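Colleague: The following block contains a protein sequence and its predicted model.
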Amino acid sequence: MKHLTCLFILLCLSACETVQPWERGTLARREMQWEPDRMEISLQAQINASKEASSGGQGAAGGGCGCN
Amino acid sequence: MLKQWALVWWLALFALPAAAGAQVGEPAPPVSLPLLSAPAGQELSLASLRGKIVYLDFWASWCGPCRLSFPQLEQMRRELGPRGFEILAVNVDEQERDALRFLEELPVTYPVVRDGTGDTPGNYGILGMPTGYLIDREGIVRLVHQGYRKSDGEALRTAIVELLGESPR
């Protein structure tokens, strides 16, 4: 029984799938980006830094279509 | 024993996708898809271009480097087409209208076919967008080009010219 449960879990795990390069259309959409507009983000950071007298901790890597 | 088999199966699941795909020096997997460009809907196969040097280009409308590659590829096709060079662009967008909008912005004279199912890019085992395969007159993959930067055009052109210079075996 234990073995069967193990096998079942393994088979379930195999259902995890990688997003293929040609399936990244939705991920490449603007609303899926952490930083849709870099210029705007740097402007926001500038304002934030001047108001808070500190900088950093802006943005994060990730999202995108994975091109290049 | 069962545990060992489970492990073997588990590893096999990972090994399968890695083994697939078009490799340099091997025949290009067959492609036969409906045209997006005129005459739209008509099937075009890679085999029908045998005898020419073909650049098989997988692209999508959302892919930035593809946008960069189109004008350069069009230029190469115009220049080297008469010498026996052809481009077959395979669109992999989920929505056909996205591809058509892209082609309106960046029109090209070479044939563009469409695969919305992902079967063809899957067969080729592409790892990024865009990916291009330079295929010789015998249908053998000679070069795989991943991604696209502006400076890639010249190297690609050189590779094509080199292949065009080879006499048919």
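Modeller: Right, received. Where do you want to start?

Colleague: So, low pLDDT: which residues of chain B?
Modeller: In the predicted model, chain B carries pLDDT under 70 at residues B:1-3, B:6-20, B:167-169.

Colleague: rerun that using 50 as the cut-off
Modeller: For chain B, applying pLDDT under 50 flags the ranges B:17, B:19.

Colleague: For it, just list every one of the helices.
Modeller: B:2-19, B:64-80, B:96-105, B:119-124, B:152-165 (DSSP state H).

Colleague: do the same with chain A
Modeller: A:2-13, A:38-52.

Colleague: I'd like to know which of the ones you listed lies nearest to B:V141.
Modeller: In terms of C-beta to C-beta, the element of the helices of chain A nearest to B:V141 is helix A:2-13, at 33.6 Å. Just so you know, the C-beta spots here come from the backbone N, C-alpha and C atoms, and that holds for glycine as well.

Colleague: so who does the closest residue to B:S69 other than its chain neighbours touch?
Modeller: Leaving aside its sequence neighbours, B:S69 sits nearest to B:Y148 (C-beta to C-beta, 6 or more residues apart in numbering or on different chains; 4.1 Å). Taking C-beta atoms under 8 Å, 6 or more residues apart in numbering or on different chains as the criterion, B:Y148 is in contact with A:N68, B:P65, B:C66, B:L68, B:S69, B:P130, B:G132.

Colleague: Spit out the contact partners of the nearest residue to B:F85 once chain neighbours are set aside.
Modeller: Leaving aside its sequence neighbours, B:F85 sits nearest to B:I53 (C-beta to C-beta, 6+ apart; 4.9 Å). B:I53 is in contact with B:G84, B:F85, B:E86, B:L134, B:I135, B:D136, B:R137, B:I160, B:L163, B:L164, counting by C-beta under 8 Å, 6+ apart.

Colleague: Now do the residue nearest to the fourth one when sequence neighbours are not counted against B:Q75, distance only.
Modeller: Nearest-residue entry for B:L134: B:L143, 3.9 Å, with adjacent residues in sequence omitted and distances by C-beta to C-beta, 6+ apart. B:L143 sits 18 Å away from B:Q75 when distances are taken as C-beta to C-beta, to the nearest Å.

Colleague: So between the two, which is more surrounded?
Modeller: B:L143 (17 against 12; other C-beta atoms under 10 Å in any protein chain shown).

Colleague: State the distance from that one to B:M76.
Modeller: Where B:M76 is concerned, B:L143 sits at a distance of 14 Å (C-beta to C-beta).

Colleague: Flag the shaky bits of chain A, pLDDT-wise.
Modeller: A:68.

Colleague: circling back: export the helices of chain A as CSV, with columns for distance to B:P27 and mean neighbour count.
Modeller: Shown next, in CSV, are the helices of chain A (distance: least, C-beta to C-beta, whole Å; neighbours: other C-beta atoms under 10 Å in any protein chain shown):
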stretch, distance to B:P27, mean neighbour count
helix A:2-13, 34, 11
helix A:38-52, 43, 11
